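Participant: Please work out how this folds:
(one chain, ligands or ions: 1)
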Amino acid sequence: MSNKKYDIIVVGAGPAGACAAMSAASAGRRVLLLERKPVPGVPVRCGEGIGHQGMTLSFEPRPEWIKSTVTRARMFSPSGIGVEIGNVDKSYILDRERMDADLVRMAAEAGAEFRASSPVVWAEETSSNQYKVTCSNTPNNINTNNGTGTNNSADINNTDNTKTEFEAACLILADGVESRLARCFGWNTALRLADIETAAFARIETAGIEGDCCTFYTGSAVAPGGYLWVFPRGNGVANVGLGVIGSRCRAGLPKELLLDFIKRTYPEGRVTDLHCGGVPVAKWVRPLVRGGVMLVGDAARQVNAINGAGLAYSFYAGQLAGTVAAKAFRSDGGLRRKALSAYQREWAKVFGKQQERSFALKEFIMSADDAFLDKIADSLSKEPSGKVSYLRVFMRTFSSRPLLLFKAFKLFR
Ligand SMILES: Cc1cc2nc3c(=O)[nH]c(=O)nc-3n(C[C@H](O)[C@H](O)[C@H](O)COP(=O)(O)OP(=O)(O)OC[C@H]3O[C@@H](n4cnc5c(N)ncnc54)[C@H](O)[C@@H]3O)c2cc1C
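Facilitator: Presented below is the predicted three-dimensional model:
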């Protein structure tokens, strides 16, 4: 075992971790970014959709990251009533493989040391207020997902005895939805079944994909407690995926439902990629900081609970955590742990309320039955084409619940 020292160690080179490493390294800190996979972002387990606003909060989108630009949306109710949504804010379907690789490269260019194929199997605090991180030198098999959403993470009980240790004053955990490492520091990261969606995701090549339109399907036969989405990727390629809420899921169900949908809707479609993954649709974790350890991205449940989107939050949280951590170092190199709490304060100020509202709305939507969704779609479908906005859909959905309607309205302010 060797022992190497850094100011900050970031675990996980997804969007949250790469952004954290980039910000901290740009501010002059000595940063190590550890990733268990040989290539970050691969395989892609994401619809790759992001709104212009969410993206530009952290980055100007690079043209090479964008596969298509979406300006329209369509929703189908359980019985097949279609509603055209107008006034859709511009959104992008990204090339995550490209973007994730670029983000890691940008972190490295900012000065972070990046190590791929380096699963962290254990982390602990030392007696000298440092954090020791143990990395296995034998990367785990990275794609053993069994379709239940339990995508594998670093195996904490890994018996491999060739290990490398690293030390830092500050640890940023960006290890995704499972975040096993947070448990080393007392966080309980177990999710209620009602707070996790098991998602199945496929990339298909087929005719009949409208290049500028996202399509959503709802109903218990399509995606119990969740929804199915078709995102155009350009050139006759689409990302098709669905999420089933954990409390209504069984092993293999999301994949079965997805393949069944593709067969019915795109009989000529060719599936080129198929994966499963978990999406936390929970409240954000509190506290976000314990001692010198910070949680970011999916690990911190920084996700929009209504639609499972986490990319914009992960960019923002990663950048924020990295910046706060870098500033918390004194000129003598020591870390002022108390200063790390600025990360939680700022997060709560910018996104805390928004996330809490989406969580409350999600609880309601999950309890809505097919008849209710059909009724709403039926009334919206009678409105003039192009006049139905997302806000109108929400207003109509929650109109029987004044408090929820108020929360829905505030999401759009
Ligand atoms: C099917 C599906 C579709 C989705 N679609 C969308 C969408 O369209 N739009 C959207 O905004 N969001 C979407 N999301 C959510 C989005 O993908 C996540 O919110 C986002 O990737 C979170 O980024 P992250 O960096 O926190 O975690 P991740 O992207 O999961 O990255 C975590 C990284 O940590 C690494 N890691 C884990 N454990 C260890 C360890 N012990 N040691 C070292 N490395 C480790 C992992 O290999 C991984 O690279 C989707 C999710 C799924 C599953």
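Participant: Within range of the ligand, give me the residues from this structure.
Facilitator: Counting by Cβ under 6 Å from any ligand atom, the residues of the chain close to the ligand are 11-17, 34-37, 40, 45-50, 119-120, 153-154, 174-176, 181, 199, 201, 241, 277, 279, 297-299, 303, 308-311, 314. Yep, even glycine has a C-beta here, placed from its N, CA and C like the rest.
Participant: Just the ones in helices from the residues you listed, please.
Facilitator: Per DSSP state H, helices hold the following members of those: 15-17, 311, 314.
Participant: could you check the distance from the residue lying closest to Val303 once chain neighbours are set aside over to Arg192?
Facilitator: Spatial nearest neighbour of Val303, chain neighbours left out: Gly310 (3.9 Å); criterion: Cβ to Cβ, 6 or more residues apart in numbering. Using Cβ to Cβ, to the nearest Å, Gly310 is found at 18 Å from Arg192.
Participant: And for Asn304?
Facilitator: 17 Å.
Participant: Compare those two (neighbour count), which wins?
Facilitator: Applying other Cβ atoms under 10 Å to Asn304 and Arg192 shows that Asn304 carries more neighbours, namely 23 against 10.
Participant: Isn't that one up against Gln355?
Facilitator: Yes: using Cβ atoms under 8 Å, Asn304 is in contact with Gln355, at 7.1 Å.
Participant: Find residues that contact each of the two.
Facilitator: Tyr313 (Cβ atoms under 8 Å, 6 or more residues apart in numbering).
Participant: quick one: low-confidence parts of the stretch 151-300 of the chain?
Facilitator: Along the stretch 151-300 of the chain, segments meeting pLDDT under 70 span 151-161.
Participant: For it, just list every one of the strands.
Facilitator: All strands of the stretch 151-300 of the chain, identified by DSSP state E, counting those that start in this stretch, fall at 163-173, 196-205, 213-217, 228-234, 237-245, 270-280, 289-290, 293-295.
Participant: Serialize these to a markdown table and add fields for mean neighbour count.
Facilitator: Output for those, formatted as a markdown table (neighbours: other Cβ atoms under 10 Å):
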| stretch | mean neighbour count |
| --- | --- |
| strand 163-173 | 23 |
| strand 196-205 | 24 |
| strand 213-217 | 21 |
| strand 228-234 | 22 |
| strand 237-245 | 25 |
| strand 270-280 | 19 |
| strand 289-290 | 20 |
| strand 293-295 | 29 |
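Participant: May I see these organised as JSON lines, with distance to Ala325 added?
Facilitator: Output for those, formatted as JSON lines (distance: least, Cβ to Cβ, whole Å):
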{"stretch": "strand 163-173", "distance to Ala325": "5"}
{"stretch": "strand 196-205", "distance to Ala325": "28"}
{"stretch": "strand 213-217", "distance to Ala325": "36"}
{"stretch": "strand 228-234", "distance to Ala325": "34"}
{"stretch": "strand 237-245", "distance to Ala325": "32"}
{"stretch": "strand 270-280", "distance to Ala325": "23"}
{"stretch": "strand 289-290", "distance to Ala325": "9"}
{"stretch": "strand 293-295", "distance to Ala325": "7"}
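Participant: now what about stretch 99-118, what contacts it?
Facilitator: Contacts of stretch 99-118 (Cβ under 8 Å, 6+ apart): 6, 10, 13-15, 18-19, 21-22, 24-26, 28, 30-42, 62, 64-65, 135-137, 139, 164.
Participant: 7 Å - rerun?
Facilitator: Stretch 99-118 has contacts (Cβ atoms under 7 Å, 6 or more residues apart in numbering) with 13-15, 18-19, 21-22, 25-26, 31-41, 65, 135, 139.
Participant: Return that stretch as CSV; C-alpha atoms alone will do.
Facilitator: C-alpha atoms of stretch 99-118 as CSV (Å, rounded to 0.1, in the frame of the first residue of the first chain):
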residue,chain,number,x,y,z
MET,A,99,-19.8,15.3,-22.2
ASP,A,100,-18.8,13.2,-19.3
ALA,A,101,-15.4,12.5,-20.9
ASP,A,102,-15.0,16.2,-21.6
LEU,A,103,-15.9,17.2,-18.0
VAL,A,104,-13.3,14.8,-16.6
ARG,A,105,-10.7,16.2,-19.1
MET,A,106,-11.6,19.7,-18.1
ALA,A,107,-11.1,18.8,-14.4
ALA,A,108,-7.7,17.3,-15.3
GLU,A,109,-6.8,20.4,-17.3
ALA,A,110,-7.7,22.5,-14.3
GLY,A,111,-5.1,20.5,-12.4
ALA,A,112,-7.0,17.6,-10.8
GLU,A,113,-5.3,14.2,-10.9
PHE,A,114,-7.7,11.6,-12.4
ARG,A,115,-7.6,7.9,-11.8
ALA,A,116,-9.9,5.6,-13.7
SER,A,117,-10.5,2.0,-12.8
SER,A,118,-10.1,2.9,-9.1
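Participant: I'd like the distance between Ser220 and the ligand.
Facilitator: Distance, Ser220 to the ligand, by Cβ to the nearest ligand atom, to the nearest Å: 20 Å.
Participant: and that residue, what is it in contact with?
Facilitator: Applying Cβ under 7 Å, 6+ apart, the residues near Ser220 are 78, 370.
Participant: again, only this time at 6 Å
Facilitator: Residues counted as contacts of Ser220 (Cβ atoms under 6 Å, 6 or more residues apart in numbering) are Asp370.
Participant: Now the phi/psi pair for it, please.
Facilitator: phi -70, psi -20 (degrees, to the nearest 10).
Participant: how about the helices in this protein?
Facilitator: 15-26, 52-56, 96-109, 253-265, 311-327, 341-347, 353-367, 370-381, 390-398, 402-411.
Participant: most packed of the ones you listed?
Facilitator: helix 15-26 (a mean of 30; mean count of other Cβ atoms under 10 Å).
Participant: Send me that one as CSV with only the CA atoms.
Facilitator: Provided in CSV are the C-alpha atoms of helix 15-26 (Å, rounded to 0.1, in the frame of the first residue of the first chain):
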residue,chain,number,x,y,z
PRO,A,15,-21.2,15.1,-13.7
ALA,A,16,-21.3,16.0,-10.0
GLY,A,17,-17.8,14.7,-9.2
ALA,A,18,-16.1,16.0,-12.3
CYS,A,19,-17.6,19.5,-11.7
ALA,A,20,-16.5,19.4,-8.0
ALA,A,21,-13.0,18.4,-9.0
MET,A,22,-12.8,21.0,-11.7
SER,A,23,-13.9,23.9,-9.4
ALA,A,24,-11.7,22.9,-6.6
ALA,A,25,-8.6,22.4,-8.8
SER,A,26,-9.3,25.7,-10.7
